[in-house]
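In: Provide a 3D model corresponding to the input given below.
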Amino acid sequence: MHPEAHRISDALATIHVPQPTVPTVPQAQSALADLEKLLRPLWTSGQGQRPNGLTKSLERRLTWMEYFLRAYVDSGAWTAAANKTAMFIGRGIYISRKLREWSTAFILDHKDLLLSKYGVSWTKLRINDKDLKSELVTHFQSLGKYVTAAAIIDYLAQPGVMWRYGLRKKISLATVEQWMAGCGFRWTVAHKGQYVDGHERGDVVAFRQNKFLPSWYALELRMWNWQVVEGKVVEEHPQAPGDSQHTVVVWFHDKSTFYAHDRRKKRWVHASETPTPQPKGEGLSLMVADFVSADYGWLRSPDGTKSARILFHPGKGRDGYFSNNETIRHVEKAMAILEKHYYPNEDHVFISDNAPTHMKRPEDSLSAQNMPKGCREWGVDVPVRDAGGQAVVGPNGKVLTTKARIANGSFEDGTLQEFYWPAGHQYAGKFKGMVQILTERGFDVVGLRAQCKQCEPSVTTCFCRRILFNQPDFINVETVLESTCRARGFHVIFLPKFHCELNLIEQCWGYAKQIYRCYPPSSKESKLEANVIKALDSVPLDSMRK
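Out: Numbering: from 1, shown residues only. Purely as a prediction, here's the structure:
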């Protein structure tokens, strides 16, 4: 035995704590039975143990008392059993004495459990005090989002607070963290919600109220709707005003990118697990563009042989970038599926977000942005295209451009307004200029500047360019996407900017990525594609309808 152990053993053997009355062995046996129920309570059925609800400190001390009383029942020697137990648990003279004090109190009254130094039962946390908990929660709310344990320590150290709750000293950081957990707080990464940047910007509100909502409400009565009733998705028939009108099916369009190394971060990790090397960065990417509706799910033919889905490998040296040209080809692919007598008794509407690639107008469309004020040679830059319609790239890697006439405008009555002087005029072929165009429309622009940077946005007649900006023919220029769809009998509705939460397909991307992140990681492009397709096809139709 170690010399120090000999010394402790000898010291314990010589201890003699005066005891007025030493409990009897039968009393100790009765106390042991109650300790057994406290430490290892059974379910009411009598089968299996249930949690004892004790704090760690109380459970440890009651366990020591159990060791001590068993030793006492076996030996019949009160003090020697306490000394032996103290040595067994690696403690000294002080614990030997406390074991006898605690056990005596418990034997005399089995409801007399150990008390903390503040007089509060060890069987419950002080945070369970409703008044203290309510006051702390109120203080948490006053601190805002970023609550700190240090701020709570300072608050509880105030004399008035300490007096109210019987606190005798400043509480520790560990205790505060435990109390914060008792108030429902967890140290974790806050859940992200939808982005709301720009929701209340003036132009966004105007578009939402004056364009998007009227367009949506005009079609809503002709759409199918779904409600969740008692956990089941129930279908509601469209409320179309007449039999002559077809049911409307809205197809939401968007793109999303999946990454090869994107896997879930949280999982059950064994204590023995060590860090393992992992690839750096997000890995290969795969962009998916698709259409989805709550009526049918992903856009495809009824037999599943044709799909509107596009898999795109973005980046330099790969498929490039998903521009307006790719968007047009994608919507043409979708229209081809819908046109081929798959869905004959329905009107189909495409819902697109307000991205620049979707809102692109024809190169020669009306725009007052660079118009000159006076008459001169002027045109807009348009790409030079080859026989196949593709833009020609010069030696420097940039698209070659040439000058072309801007499209003509129209008066309020719909008649054409020529923007270039006709043949036979002294300035034949030249651009008329903003002053002449506005004069022909009945505006007095004498003395007005072409551009002014000091006027308020609400002022619409302070300079030539702003007057033209607010003309109906300049405002209502169709995008390439709109004109392409209209030519084939389809309608397009654009979502307001910053309103991704209105796009059904966003929830579908989230559902698919949750599934995708659970698949085994792989850096192979073929595996990436297979996993993405499998995840997308796993999104249930009922979830889309919810």
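
In: Averaged pLDDT, the helix or strand harbouring F207. What do you get?
Out: In this structure, F207 sits in helix 202-207 according to DSSP states H and E. Helix 202-207 shows a mean pLDDT of 87.

In: After it, which helix or strand is next? Please name it.
Out: As assigned by DSSP H and E, the chain's next helix or strand after helix 202-207 is helix 213-220.

In: for the record, mean pLDDT for that next one?
Out: 92.

In: Run through the neighbouring helices and strands of the helix or strand that it is followed by.
Out: With elements assigned by DSSP H and E, the helix or strand that comes after helix 213-220 is strand 225-229. Strand 225-229 is packed against strand 232-236, with contacts defined by 3 or more CB pairs under 8 Å, 6 or more residues apart in numbering; DSSP states H and E. For glycine as for every other residue, the C-beta is placed from the backbone atoms N, C-alpha and C.

In: what's the strand it packs on in contact with?
Out: With contact meaning CB atoms under 8 Å, 6 or more residues apart in numbering, strand 232-236 is reached by W224, N225, W226, Q227, V228, D542, R545, K546.

In: Is it possible to get TSV of those that adds pLDDT and neighbour count?
Out: Converted to TSV, the contacts of strand 232-236 look like this (pLDDT from 0 to 100; neighbours: other CB atoms under 10 Å):
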residue	pLDDT	neighbour count
W224	87	17
N225	87	14
W226	87	16
Q227	86	11
V228	84	11
D542	90	13
R545	89	19
K546	82	12
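
In: and which of those is nearest to T484?
Out: W224 (26.5 Å; CB to CB).

In: hang on, the earlier thing: which positions within the helix holding F207 qualify as buried?
Out: V204, F207 (16 or more other CB atoms under 10 Å).

In: Render the CA-only coordinates of it in PDB, please.
Out: Only the C-alpha atoms of helix 202-207 are listed here, as PDB (Å, rounded to 0.1, in the frame of the first residue of the first chain):
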ATOM      1  CA  GLY A 202     -40.700  51.400 -52.800                       C
ATOM      2  CA  ASP A 203     -40.400  49.800 -56.200                       C
ATOM      3  CA  VAL A 204     -40.800  46.300 -54.800                       C
ATOM      4  CA  VAL A 205     -44.000  47.200 -53.000                       C
ATOM      5  CA  ALA A 206     -45.400  48.900 -56.100                       C
ATOM      6  CA  PHE A 207     -44.600  45.800 -58.200                       C
END
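
In: domains of the chain?
Out: Structural domains assigned to the chain are 3-108, 126-182, 202-264+282-360+480-545, 369-477, following automatic domain parsing.

In: Nearest to H270 among these would be which one?
Out: domain 202-264+282-360+480-545 (16.8 Å).

In: Going along the chain, name the helices of the stretch 101-250 of the chain.
Out: 130-143, 149-156, 159-165, 173-182, 202-207, 213-220 (DSSP state H, counting those that start in this stretch).

In: which one of those lies closest to T63?
Out: Here helix 173-182 is closest among the helices of the stretch 101-250 of the chain (CB to CB), at 20.8 Å.

In: relative to helix 149-156, how tilted is that closest one?
Out: Per axes from the mean of the first three to the mean of the last three CA atoms, to 10 degrees, the angle that helix 173-182 makes with helix 149-156 is 90 degrees.

In: So, low pLDDT: which residues of the chain?
Out: By pLDDT under 70, the low-scoring segments of the chain are 1-20, 46, 111-127, 194-196, 239-244, 341.

In: ok so, going back, could I get the helices of the stretch 101-250 of the chain as TSV with distance to E529?
Out: Below are the helices of the stretch 101-250 of the chain laid out as TSV (distance: least, CB to CB, whole Å):
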stretch	distance to E529
helix 130-143	48
helix 149-156	47
helix 159-165	61
helix 173-182	44
helix 202-207	36
helix 213-220	35
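
In: ok so H261 is a strand residue?
Out: No - checked against DSSP: H, G, I helix; E, B strand; the rest coil, H261 lies outside a strand; its state is coil.

In: ok, how many other residues are close to the spatially closest residue to R465 that is not a sequence neighbour?
Out: Excluding the flanking residues, the one nearest R465 by CB to CB, 6 or more residues apart in numbering is A368, at 4.8 Å. For A368, the count of nearby residues is 19 (other CB atoms under 10 Å).

In: ok, so what distance separates Y165 from L58?
Out: Distance, Y165 to L58, by CB to CB, to the nearest Å: 20 Å.

In: ok, those two, which is more surrounded?
Out: More neighbours surround L58 than the other of Y165 and L58, with 20 against 15 (other CB under 10 Å).

In: Let me see the contact set for L38.
Out: For L38, the contact set (CB under 8 Å, 6+ apart) comprises N52, L54, L62.

In: Please settle this for me: is it part of a strand?
Out: No - L38 is assigned helix when assessed by three-state DSSP, not a strand.

In: N52 versus that one, what's the distance?
Out: Distance from L38 to N52, by CB to CB: 7 Å.

In: what does A404 give?
Out: For A404, the distance to N52 - CB to CB - is 84 Å.

In: cool, and L416?
Out: Counting by CB to CB, the gap from L416 to N52 is 89 Å.

In: and if you look at H425?
Out: Using CB to CB, H425 is found at 100 Å from N52.

In: The two - which one has more neighbours?
Out: Here H425 and N52 are compared on neighbour count by other CB under 10 Å; more neighbours surround N52, at 15 against 11.

In: Surely the more buried one and L42 touch.
Out: No - at 10.6 Å, N52 does not count as touching L42 under the criterion of CB atoms under 8 Å.

In: what about F463, how many neighbours?
Out: 21.

In: Y427 too?
Out: 15.

In: This completes my enquiry, with thanks.
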